[in-house]
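Student: return a 3D structure for these sequence lines:
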Amino acid sequence: MTRLRGRLLVLQVLVIAMIVVLVVRLWQVQVMQGERFGTVATETRTREVRVPALRGSILDSSGHPLVRNRTSLVVSVDRGRLERMHDGGAAVLRRLSTVLGVPYDELKQQIRACGPGVSRPCWPGSPYTPIPVAEHVKTRQALQILERQEDFPGVTAEIQARRDYPHGKEAAALLGYLQPVTEQELERREGLKASFSGVDLVGQGGLEAIYDAAMRGKPGLRRVQVDRMGKVIRVDQQANSVPGDILVTSIDERVQSIVEKSLDQAMKETPKSNGGAAVVLDVKTGRVIAMASRPTYDPSIWVGGIKEKDYRWLLSDKSGKPLVSRAINGTFAPGSTFKISSASAMIADGSPLNGTYECPSSYTAAGQTYANAGGMSLGSISLHTALVKSCDTVFYKAGFEQWKADGGLKPKGTPKEPMTHMAKAYGFGRRTGIDLPGESPGLVPGRQWKKDLWASMKDTMCRRAKTGYPEMKDAAKAAYAKRLAHENCVEGNIWHAYEAINFSIGQGALLVTPLQLARAYAALVGDGNVRSPRIGWALVRPDGTLVKEIPVPVEGHLPISDHVRDYIRKALAEVPVDGTAAAVFRGFDFNVVKVGGKTGTAEVFGKDDTSWFASFAPADNPQFVAVVMVAQGGFGASTAAPAVRRIWEGIYGVGKSDDGKPIKPALPGGKPPARLPVIRDGVAAQ
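Tutor: Numbers count the residues shown, from 1 in each chain. Modelled structure (predicted):
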């Protein structure tokens, strides 16, 4: 009996202890930690859905779309949710494969994270972002997914906006493209992390990158209650997204199309050409009217995720790397088109504007003879004629005399270097500051540049002077490279006479972009101001409210008088009539519009010449500047000049088309629109 009572007592103590523990635990859960567990419980059935804003479109100066939005049914997969399943989501992907008609392996590849050693298709964006695996999905397929969510957890089907390019390949390098945001970009791009919705795409090139923040808009937020299957049962909170701003550009789609076709024809007529560019600027405002680059591509290949073969092609040498814009990133020796800068430097340095200059067939200086183009000899001529006929020997002498005045091989004090400083005043050797990414500064050589280059390359050059270039297959080129390495090792810090002479005619180490050359000509034939060109004209809300007009900054003013600029402009106005471009413009109706310009032919070691033509119209009061460059295109008068002629014919309606009908002017009145287009409900009112 005593033993039984003892057992009951122990049992009572255990029961009481358990009750005490339970009461204490309940008190901890409900009182001490009640708020935290309540929040956790709520979170398990609450979902926050970020709703991306409709991205603003890109319009031309008349309101015509260059890039617009279109809607399509898109199926996306939440990779994180699939990875938490016992089979890694394999069963869900196999069912999805059957519905979409897409191979299972392809779906699996699409949702992989991109990284080193991972080939495309893969997902370059955030791992927490739903990954689109199919677009343009049929309604029947979308309903199969939405109505059977128990079979497709982590899979959604919804209408999304996608970029559409109504003009195909035209202006591809200028417009840019969209891609998912990577984790690295979220950290690198200032302000992006705070406004990123988690499903946004961001601009990765062209205007899409520069004006990304404005065009992306502000994402909306939906806080919803869901059941265990993930279906929405109630909306707790909703904040609508704010559509992005519309970017109105100064591009004219009609002129852009003319430029694209003309450049295509120039490339087709010179099979060896491996790149080209064309730029049309408004002289009065500094805005870009058209810009084209070759080779090009169709930017729609980025929409919905780029395929591995397309991605490799874009980056390959075979494609010519079309993502690189030759208009702003391609650098080339400008040839005789650069003589506007050299002539300006001559006058600024004291050469007589109305003096007499000798134009022999060759010029000898510092023990070396330099031939005039084509062996031409014109005798005593004016500077005006030297520009019209493009007499090299006049500029050879000027370059050499200025080099000698600075002290030649042994300069004393601070050399004046008139031609180097004038080139920089024209804007060469630095970025124009255009509203596009990836611009090259080009190169203006000179004495200090030569010293800096030698300091950075001396060790390499001296080593190569001993070892040579055994990896080169061409013995002659290898020998030349070794000899050059020896010269650079011994005296690579010296600015030689031949460098100054070649520089005077736009050759040697001088490198410019087509946009830089167009800007220089616009400054010369305009008001003398060197402007930073702009493509963006204004940002406008979808309801038509002006957000801001994008100004064109003035960076400097040419250090020559209006009289000198007028003198050079008048000389260039005779080039298509009686100069190096006269044969090209034979039959051109100058009664419709007078044209001025300058041909350029730049030699390239081991390749065919670079063909240039820089032009302006009307010649007496320029409104536009047009520059065309064709790499390995031969003489400037044979390739680039005909391309520019076609551009002027299209803009002003000169002559007849191939079918014999009069060409309609792309810009009636010869001027771009003076006012912004009227925007209503996100589109231009035509």
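Student: I'd guess Met291 is in a strand, am I close?
Tutor: Yes: Met291: assigned to a strand according to DSSP: H, G, I helix; E, B strand; the rest coil.
Student: hey, what's it bridged with?
Tutor: Using DSSP bridges, the bridge partners assigned to Met291 are Val279.
Student: quick one: residues contacting it.
Tutor: Applying C-beta atoms under 8 Å, 6 or more residues apart in numbering, we find Met291 in contact with 171, 173-174, 251, 256, 259, 277-280, 325, 327, 515, 535. To be clear about C-beta, it is placed using only N, CA and C from the backbone, and glycine gets the same treatment.
Student: which stretches of the stretch 301-450 of the chain have low pLDDT?
Tutor: Across the stretch 301-450 of the chain, no stretch falls below the confidence threshold (pLDDT under 70).
Student: try it again with 90
Tutor: Low-confidence segments of the stretch 301-450 of the chain, defined by pLDDT under 90, span residues 301-319, 373-374, 412-413.
Student: can you pull out the strands in the stretch 551-686 of the chain?
Tutor: Using DSSP state E, counting those that start in this stretch, the strands assigned to the stretch 551-686 of the chain run over residues 554-557, 596-604, 607-617, 624-631, 679-680, 683-684.
Student: so which of those gets nearest Asp298?
Tutor: Comparing those by their distance to Asp298 (C-beta to C-beta), the top pick is strand 624-631, with 22.0 Å.
Student: can you give me the end-to-end span of stretch 243-253?
Tutor: From its first residue to its last, stretch 243-253 covers 25 Å (C-alpha to C-alpha, to the nearest Å).
Student: please apply the same query to stretch 620-633.
Tutor: The first and final residues of stretch 620-633 sit 30 Å from each other (C-alpha to C-alpha).
Student: do the same with stretch 375-391
Tutor: This stretch, stretch 375-391, spans 10 Å end to end (C-alpha to C-alpha).
Student: related to what we said a few turns ago, save the strands of the stretch 551-686 of the chain as JSON lines, and put in mean pLDDT too.
Tutor: Below are the strands of the stretch 551-686 of the chain laid out as JSON lines (pLDDT from 0 to 100):
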{"stretch": "strand 554-557", "mean pLDDT": "97"}
{"stretch": "strand 596-604", "mean pLDDT": "96"}
{"stretch": "strand 607-617", "mean pLDDT": "97"}
{"stretch": "strand 624-631", "mean pLDDT": "98"}
{"stretch": "strand 679-680", "mean pLDDT": "87"}
{"stretch": "strand 683-684", "mean pLDDT": "72"}
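Student: closest to Gln204 among the contacts of Met291?
Tutor: If you rank the contacts of Met291 by distance to Gln204 using C-beta to C-beta, Ala173 comes first, at 12.3 Å.
Student: to Ile210, which of the strands of the stretch 551-686 of the chain lies closest?
Tutor: Comparing the strands of the stretch 551-686 of the chain by C-beta to C-beta, strand 554-557 comes nearest, at 18.1 Å.
Student: any stretches of the stretch 101-250 of the chain with poor pLDDT?
Tutor: Segments of the stretch 101-250 of the chain classed as low confidence (criterion: pLDDT under 90) are 101-102, 104-163, 178-204, 213, 216-242.
Student: which of the strands of the stretch 551-686 of the chain sits closest to Ala509?
Tutor: Comparison of the strands of the stretch 551-686 of the chain against Ala509 by C-beta to C-beta identifies strand 596-604 as nearest, at 12.0 Å.
Student: sheet-wise, list the partners of that closest one with their directions.
Tutor: Applying DSSP bridges, one finds strand 596-604 paired with strand 607-617 (antiparallel).
Student: rewinding a little: what's the most buried one of the strands of the stretch 551-686 of the chain?
Tutor: Burial among these, expressed as mean neighbours by mean count of other C-beta atoms under 10 Å, is greatest for strand 624-631, which shows a mean of 30.
Student: that strand: partners in the sheet, and parallel or antiparallel?
Tutor: Under the criterion DSSP bridges, strand 624-631 sits next to strand 275-282 (antiparallel), strand 607-617 (antiparallel) in its sheet.
Student: TSV please, covering those strands and showing distance to Ile145.
Tutor: As requested, those are arranged in TSV below (distance: least, C-beta to C-beta, whole Å):
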stretch	distance to Ile145
strand 275-282	46
strand 607-617	55
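Student: give me the most central residue, the protein.
Tutor: Gly206 (4.2 Å; C-alpha atoms, centre = their mean).
Student: show the backbone phi and psi for the residue nearest to that one when sequence neighbours are not counted.
Tutor: Using C-beta to C-beta, 6 or more residues apart in numbering and skipping the chain neighbours, the partner closest in space to Gly206 is Gly176 (2.5 Å). Main-chain dihedrals, Gly176, degrees, to the nearest 10: phi 90, psi -170.
Student: please shift the residue numbers so they start at 43 in all later answers.
Tutor: With the count now opening at 43, the last piece we talked about shows up as Gly218.
Student: Gly218 against Gln246, yeah?
Tutor: Yes: using C-beta atoms under 8 Å, Gly218 and Gln246 qualify as a contacting pair, with a distance of 6.6 Å.
Student: neighbour count winner among these two?
Tutor: Applying other C-beta atoms under 10 Å to Gly218 and Gln246 shows that Gly218 carries more neighbours, namely 26 against 19.
Student: ok, so what distance separates the more buried one from Leu249?
Tutor: Noted for Gly218: a distance of 6 Å to Leu249, by C-beta to C-beta, to the nearest Å.
Student: phi and psi next, for Glu350.
Tutor: Summarising the backbone geometry of Glu350 under the convention degrees, to the nearest 10, its torsions are phi -60, psi -40.
Student: surely it touches Val160?
Tutor: No: applying C-beta under 8 Å, one finds Glu350 not in contact with Val160, separated by 10.1 Å.
Student: ok so, going back, with respect to Lys439, which of the strands paired with strand 666-673 lies nearest?
Tutor: Closest of the strands paired with strand 666-673 to Lys439 is strand 649-659, at 22.9 Å (criterion: C-beta to C-beta).
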